[in-house]
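Q: Below: sequence and its predicted model.
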Amino acid sequence: MSDSPRTPDARSPRPRSEPRFPDGPQPDPAGSHFERRIRSFQPRRSRVTAGQADALRRLWPKWGLDIDGSRTLDLPALFAADIPVVLEIGFGMGETTARMAAADPGTGILAADVHTPGQGNLLNLADQAGLSNIRVANGDAIILLREMLAPHTLAGLRVYFPDPWPKKRHHKRRLIQPEFLTLAASRLRPGALLHCATDWEPYAEVMLDVLTAHPDFENTQPPDGDGYAPRPDFRPRTRFEGQGLDKGHVVNDLLFRRVPLGADADTTGSGSTDT
């Protein structure tokens, strides 16, 4: 047996205390600095490919940010341009986000998610396509909206295929609820578009009811219709959507507009945001 010192195996397990991406997305960026509440998302653990890991190491310092609630974002500085910015909550693997960014380079997309492989994949797609109008945010979108975005700064909000939490006891976890809409409205400019899409029909019905009842939003669809919008050309069909359609699911789009500011002009979005 050789007496030479053992060289650490590159494939050996990483100590639990050592982050995989020291300069990349952190596991829990906000920590315990904010209230405990029911969350609409559940972090998923899955394998990060070599390409995704490489993108996270190279591009996170340039295009990524942790949602730690410690500062208010300067959006023109973040995007290195004074352009309208749309927040996308939950982007999966990022294919749709990248396609929408490529089709509309004059709009910045602030894409928030907690799924590390998806974050790496979106950064990789943006890099390969030469896109400079995507920024990836890691963490809780409620904290991002409430603590890190100034009032009336967003040009739009996209929530595509959020977790429907189908069991009745889990409905309290759904994102689209009155408290969330009040917070979102406080960060949206007058006329900004809130665009939701889901393939879970019971959730679509709830979304429609909650949005229709909210005083800060108005439906873009005519009142004599069913309230749902045809899929707009600017939202590409996602792989997830295609799988649902193959199973006979019905996809519903909801397009509501932020009404002009009135008595709520000084709203800050404070208060309960449990979703």
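A: Yep, it's here.
Q: remind me which residues of the stretch 51-200 of the chain are low pLDDT?
A: Flagging of the stretch 51-200 of the chain using pLDDT under 70 yields the residue ranges 165, 170.
Q: Would you map the helices across it?
A: Under the criterion DSSP state H, counting those that start in this stretch, helices of the stretch 51-200 of the chain are mapped to 75-79, 95-103, 116-129, 141-148, 178-187.
Q: Can you name every helix or strand that the third one contacts?
A: Read that as helix 116-129. Other elements packing on helix 116-129 under the criterion 3 or more C-beta pairs under 8 Å, 6 or more residues apart in numbering; DSSP states H and E are helix 50-63, helix 95-103, strand 134-138. For every residue, glycine as well, the C-beta is placed using N, CA and C.
Q: would you turn the helices of the stretch 51-200 of the chain into JSON lines with mean neighbour count and distance to residue 53?
A: Putting these into JSON lines (neighbours: other C-beta atoms under 10 Å; distance: least, C-beta to C-beta, whole Å) gives the following:
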{"stretch": "helix 75-79", "mean neighbour count": "16", "distance to residue 53": "24"}
{"stretch": "helix 95-103", "mean neighbour count": "20", "distance to residue 53": "18"}
{"stretch": "helix 116-129", "mean neighbour count": "23", "distance to residue 53": "6"}
{"stretch": "helix 141-148", "mean neighbour count": "22", "distance to residue 53": "24"}
{"stretch": "helix 178-187", "mean neighbour count": "21", "distance to residue 53": "32"}
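Q: Select, out of those, the one closest to residue 21.
A: Proximity of the helices of the stretch 51-200 of the chain to residue 21 was assessed by C-beta to C-beta; the nearest stretch is helix 116-129, lying at 8.1 Å.
Q: Provide a list of residues in contact with residue 148.
A: Counting by C-beta atoms under 8 Å, 6 or more residues apart in numbering, residue 148 touches 67, 69, 71-73.
Q: out of those, which are buried?
A: Restricting the contacts of residue 148 to buried positions leaves 67, 69, 73, with burial counted as 16 or more other C-beta atoms under 10 Å.
Q: quick check, nearest of those residues to residue 198?
A: Top of the list for closeness to residue 198, among the buried ones among the contacts of residue 148 and by C-beta to C-beta, is residue 67 at 23.4 Å.
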